[in-house]
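Undergrad: need coordinates for the following:
(4 chains)
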4 protein chains.
Amino acid sequence: MNVGFVGLGNMGAGIAANLLKAGHSVTVYNRTAAKADALVKQGATFAAGVADACRGEFVMTMLADDHALESVSFGDKGILSTLRKDGIHVSLSTISVALSQKLAAAHAEHGQRYVSAPVFGRPEAAAAAKLFITVAGADDDVAACQPLFDAIGQKTFRFGANPADANLIKLSGNFLISTVIESLAEAMALIGKAGLDQRHYLDFLTSTLFAAPVYKGYGSMIVDKKFTPAGFAAPLGFKDNRLVLAAAQDLKVPLPIASLIYNRFLTLLAQGGEELDWSAISLIAAEDAGQPKRSA
Amino acid sequence: MNVGFVGLGNMGAGIAANLLKAGHSVTVYNRTAAKADALVKQGATFAAGVADACRGEFVMTMLADDHALESVSFGDKGILSTLRKDGIHVSLSTISVALSQKLAAAHAEHGQRYVSAPVFGRPEAAAAAKLFITVAGADDDVAACQPLFDAIGQKTFRFGANPADANLIKLSGNFLISTVIESLAEAMALIGKAGLDQRHYLDFLTSTLFAAPVYKGYGSMIVDKKFTPAGFAAPLGFKDNRLVLAAAQDLKVPLPIASLIYNRFLTLLAQGGEELDWSAISLIAAEDAGQPKRSA
Amino acid sequence: MNVGFVGLGNMGAGIAANLLKAGHSVTVYNRTAAKADALVKQGATFAAGVADACRGEFVMTMLADDHALESVSFGDKGILSTLRKDGIHVSLSTISVALSQKLAAAHAEHGQRYVSAPVFGRPEAAAAAKLFITVAGADDDVAACQPLFDAIGQKTFRFGANPADANLIKLSGNFLISTVIESLAEAMALIGKAGLDQRHYLDFLTSTLFAAPVYKGYGSMIVDKKFTPAGFAAPLGFKDNRLVLAAAQDLKVPLPIASLIYNRFLTLLAQGGEELDWSAISLIAAEDAGQPKRSA
Amino acid sequence: MNVGFVGLGNMGAGIAANLLKAGHSVTVYNRTAAKADALVKQGATFAAGVADACRGEFVMTMLADDHALESVSFGDKGILSTLRKDGIHVSLSTISVALSQKLAAAHAEHGQRYVSAPVFGRPEAAAAAKLFITVAGADDDVAACQPLFDAIGQKTFRFGANPADANLIKLSGNFLISTVIESLAEAMALIGKAGLDQRHYLDFLTSTLFAAPVYKGYGSMIVDKKFTPAGFAAPLGFKDNRLVLAAAQDLKVPLPIASLIYNRFLTLLAQGGEELDWSAISLIAAEDAGQPKRSA
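TA: The predicted model follows:
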C-alpha cells in the first residue's frame, strides 16, 4: 500500500519504519527534514512538503499537538487541499476531541475520508510494533486501513463510527495512566519515608493486584527517580492533561484527580522540569513529604 | 498444627475453613457464637471465650477494626493474658500501624510472639485460599507460621522483622485500590456522559495497559453500578482510608488523593450509603457530572 | 466629555446612566437595541452601530466576555477601525489577561490609546455609582479618564502602566471572592448540619474578624439559599474562574482552591444551575453533606 | 470575684493579667511554675497545683490542646475532683467538640457547672482585652461569668445552652481564618509571579471588598513572609485543622478546603516549619509556583 507519513518524532519514526518493514511504500515528511534521513536509507521516499506525502490513497499523521496537526491539515498545500478524493487521512496523534470533530467535518466536505486512530505505547512500543491502536471511523474506512494498523501495533480496538470518540478514549486512557503515576507517587512517598524498600513494595504490587504494564513501567521510573531521557516529556503530558480536562469541560464532567494532576504539572514546570519525563510529577509528592526531590 | 481462630466474619469464616481443610486443628471463637456453627460441623472446636482459642501455640485474629482487636487482645481473659509463653499471635486484620506497634511491644513484654500478616483479597478469595499475605515479624516466627499461610493464601510476601511494617504495606495497598476506584469512576463518568459504551471501554483497558485484577473486578462493579451485597462495605473502606491517612500523618506525608477519597466516603455515608460496597464512592463522580446516581 | 458606551447589560446600563447623571454626553450602543431605550430617555444618544459610539474621544466597553469584546473591537467597523487617533478605549469588562495584552498592542498600532479599568461590584453597586475601579494604563491616559471614573465609582485604584495588569488584579479579586463563597459554604454546611443557626453564626462572623462586605453579601445569599434573580450568573462566574486559571497557567502558578471551585462550577452546571447566581456553588457543599440541596 | 486560672501560655498570661486589672482575685497555676512569677507580682496568688486554683467559685482554663485540658480536668486532684459543688469551670481553650461534650457530662455528674467560652484573637488581642468570646452554656451560668468575660474581651457572643456548640463555632471560625490564609497565599503567588506589587494589591483588597481584620493581619504576614515569632504556631494551627475535620467527620460533612489545608500543614511540618506561625502554610503556594520559599 502507498502511504504518506507526516511527523517523524519519537513515536512517528518508529511507526514509519514498521510500515516499511511490512512492505508498504512510504513517503515521509517532517518539518525538520534531517529526521527523514534514516528512513530514506530504509527505503522511504523523501517528501519535500506535506503535499508530496499526500499523493497516495493514505496519509498518516503523528504530530505533537493540535497546532501541528492543524497546520499540516488546513495550511496552504496541506492535507485537505492536496489529498485525492476518497483518500484517507489516518490521524494517530493525541489531539483534542474538538479538533478531531473539525477534521472529520472538513474531510467530509472535501470528499475525503478520515479515520481517528490514536495509539497507546511509549517510543519503545512504537519501535517494536507493539502499540495498541484505538480506532473510530466508518467501517469501510477502518477496514481499508487495517493492514497499516497490523504493521504498527499489536492490537486494534474499534470504538464506533464517530472519529472523535477514539480521541476521547485516548485522552481518558492517558488520564488513567496519569492517575497511576500520581497514586504510586503518593504511596511510594509514604513507604519510602517509613524506611521500607520501595522496589520490594513495587514488586509485591505488580505480582499481585496491580500486575499491569502501566504499574510495572511507571513504578520502576518512580522508584528509580529516572526521568531522563524523557520517553514522554512533561510538557506533552501536561498537554494531554489539559486536553482531557477540556473534553470533560465541554461535557460538564468534573475530574478532580485530573485537576490535582494539572496542579502537579504546573508545579513541575514552574520548578524547571520541562526536560523530564511526565512521570516526574511523582517528585512533588516526595518533596511535599520533606524528602529530597532529586536523586544525586 | 493447633491454632485458635478469633473472628468469623466475611473473611474469617473462609480462612478458618481453609485451615481445617489443610488438616490443622482449629478452635474457633466469635462474639456472635452462631457464626461458629458451620465451622464446628466441618470439624472445628468451639471456643466459648477468647481464652479457649488461646490454648495452642498459635492464635490467629481476623477482626473488623482496631477496637475489636484491642478488646480481644487486651481485655480480661484476652490473648495477652491467656496465650502461652512463646505462643504466636498472628494478626490478619487490617489495623492501624500504631496498634500493631503496641501489640508487638505488649507481646514481647509477655514473652509471647507476634506476627503481623494482613491479607489482600475479597471474601471470594478468602474462601478459595487465594489471598495474598503480607507478613512482617521475626524470621523464626514467620517460618513457624508458614504452613498456616500456605493453607489460606496463594502467596506470602515478607516485609522484614518489624510487624507494623506489614500493616503499612496493607494500608497503602488498600489506598492504591481506592485510587483505582476513584480514577475509574471519573473516567467512566466522562466516557458515559459522552455516550460511549463503558463496558467496551473497560474491556479495552483491562486487555491492554490496565490488565490487572483490581481494574477488572472494580471496573465491573462500577460499570454495572452493582454495590450490593457489599463484599467490603463502605464503612470499612472508610476506616482503611482513615488508617492510611493516620499513618501518613504520623510520618508527615501528604496524600492528596487519599484526602479526596476521604471526602468521597463522607459524601457517600452522608447520603445513606452505609450498606453499599466501598466501590460505591464511584457514584459521586457520576452524580457530580449530572448523571443519575442510582441505577433503577 | 463626549463618550461612547458599548454594552448595556446588568452592569453597563447602570454605569452609562451614571455618566449621564454626571453631565457627560453619552452615545450608547447595544447589540439588542431595545436595551438603549431607557438611557435615550435619560438623554443618551442612540448609536446604530459600534462606529457611531466611536465618534468622540472616549469609548467605554462593558461586555460579557472576551468573545463579545473581540467582536466589537476587531470586527468590521469596530473600535479599532473607527476610533480617532489618540482616542481612548476604556475597557471595563472582565476579560482575559491575554486579550487585554492584544488590545493594548492593537490600539498602539492604530495610534489609539487603551486603558484597562475593570470594576468590582454587583449591579446594585453599578447603579449606585459605588464601583471600585482598578485601572492600569499610561499616566496621561488614566488622568484623562478620571472624570469618567469619578462618575461611576466610589474609588479608583491605580495598578501601573501595563493595562493587562489591571485585568489580572480583577481576576484574582474575583478568585478571592469565589474562595469566600466556597469557604462559607463549607462552614455553613457544618454549622447547619450540627443544628446551629446559620444566620446567627454569620452575624457573629461579620461583626468580628470577617467584617467585610463580601462576607456579608454572599453570606446572606448562602444562608438564605437565595440565588435568583442572579446578580452574577453561574456561567459568568465560571468564565472568570477559567480566566484566572488561564492567567495562572500562563505564569505557571497552581491555584488549588481555584481548581476545586472549577469543579464546583462544573457540577452546578451539570445539574442544571445555569440560571442561578454564581454563589449557588455553595449548594454542593450542603448536598455533599447529605442536606437538601434546594430550599423548597 | 474569686477565680482560679490554669494555663499561662501566650494567651493565658494576658487574659489572667486582665482579670487582675479588672479587680478580680486570681489564683494562677501553670505546669511550668516560673510562668506565674510576673502575674504574682501583679497581685495574683500562686497555686502549687490545679487543686489550689479550684478553691473559688470559678476556675478558668486556657490550655494548648485536648490532652492538656483532660489531664488538669480528670487527673488526680484535677478540676472535677476538687471544684466545689455548683462551682463553674469556664473553658477558654480551643478543644474538640467531643471533649467539650465529655466535660459537660462529667461536670453535671459532679454537681458542677461548665461553660464553654473559646476566644478569637491572637496574643496581642488577649493582652489588650480585645478578644471575641463565643459562649455556650446554661443562661444562669453564663450570666454569672459575664463580669469575667467583660474583663478579658471586647464582646461576648452567645450560642445557646449546649457548651460543645461554642467549640464547633470556634473550630469553624478558625477554619475560615485558615481559608483566608490559603486563598491569599494563592492569590499572592499569582500576583507576585506576574511582577505586581503584593503590598499594593493587599492595600487595595483591604480597603474594598475584603476590609476585614483577618485579611489585613494575615495578608501582611504573607506579603512580608514574616512568620517568626509565631503568634500561633503551625503545630497549633494544624491541631485546630484536625479538630474541625474530626467534628465534621462525626457529622459526615466533607470540607474539601480543610482537607487541602490539612495537606499544606503536613508539607510545612515535613519541611521543618514547626517554629513558624501557622500562616507560613502560605509559603507552599509560592514554592509550588517556583518562587523562592524563604525570604533571605
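Undergrad: quick one: name the residues of chain A near chain C.
TA: Within chain A, the positions lying close to chain C (CB under 8 Å from any CB of the partner chain) are A:248-249, A:252-256, A:259-260, A:262-263, A:266-267, A:269-270. In this view, the C-beta of every residue, glycine as well, is placed from N, C-alpha and C.
Undergrad: out of those residues, which are inside helices?
TA: A:248-249, A:256, A:259-260, A:262-263, A:266-267, A:269-270 (DSSP state H).
Undergrad: redo these as a markdown table? Include pLDDT.
TA: Below are those laid out as a markdown table (pLDDT from 0 to 100):
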| residue | pLDDT |
| --- | --- |
| A:248 | 98 |
| A:249 | 98 |
| A:256 | 98 |
| A:259 | 98 |
| A:260 | 98 |
| A:262 | 98 |
| A:263 | 98 |
| A:266 | 98 |
| A:267 | 98 |
| A:269 | 98 |
| A:270 | 97 |
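Undergrad: the residue in the stretch 1-150 of chain A positioned nearest to chain D: what's its closest spatial neighbour, skipping adjacent residues?
TA: In the stretch 1-150 of chain A, the residue that lies nearest chain D is residue A:65 (23.1 Å; CB to the nearest CB). The shortest distance from residue A:65 to any residue other than its chain neighbours is 5.7 Å, reached at residue A:239 (CB to CB, 6 or more residues apart in numbering or on different chains).
Undergrad: could you say which helix or strand contains the one you found?
TA: With elements taken from DSSP states H and E, the one containing residue A:239 is helix A:234-250.
Undergrad: repeat for residue A:101
TA: Per DSSP H and E, residue A:101 falls inside helix A:97-109.
Undergrad: next secondary structure after that helix?
TA: Following helix A:97-109 toward the C-terminus (DSSP H and E): strand A:113-116.
Undergrad: quick revisit: and the residue of the stretch 1-150 of chain A closest to chain D, what pLDDT?
TA: Reported pLDDT at residue A:65 in the predicted model: 94.
Undergrad: try residue A:295
TA: According to the prediction, residue A:295 has pLDDT 43.
Undergrad: any buried residues in the helix holding residue A:101, and which?
TA: Residues A:97, A:99-104, A:106-107 are the ones in helix A:97-109 that count as buried (16 or more other CB atoms under 10 Å in any protein chain shown).
Undergrad: and stretch A:155-173, anywhere near chain B?
TA: Yes. Against chain B, stretch A:155-173 shows contacts by CB under 8 Å from any CB at A:155, A:157, A:159-160, A:165, A:168-169, A:172-173.
Undergrad: what is the helix holding residue A:101 packed up against?
TA: Applying 3 or more CB pairs under 8 Å, 6 or more residues apart in numbering or on different chains; DSSP states H and E, one finds that helix A:97-109 contacts helix A:66-74, strand A:88-91, strand A:113-116, helix A:163-193, helix A:234-250.
Undergrad: which residues touch it?
TA: Outside helix A:97-109, the residues that touch it by CB atoms under 8 Å, 6 or more residues apart in numbering or on different chains are A:66, A:69-70, A:73-74, A:80, A:89, A:91, A:113-114, A:116, A:162-164, A:166-168, A:171, A:243, A:246-247, A:250.
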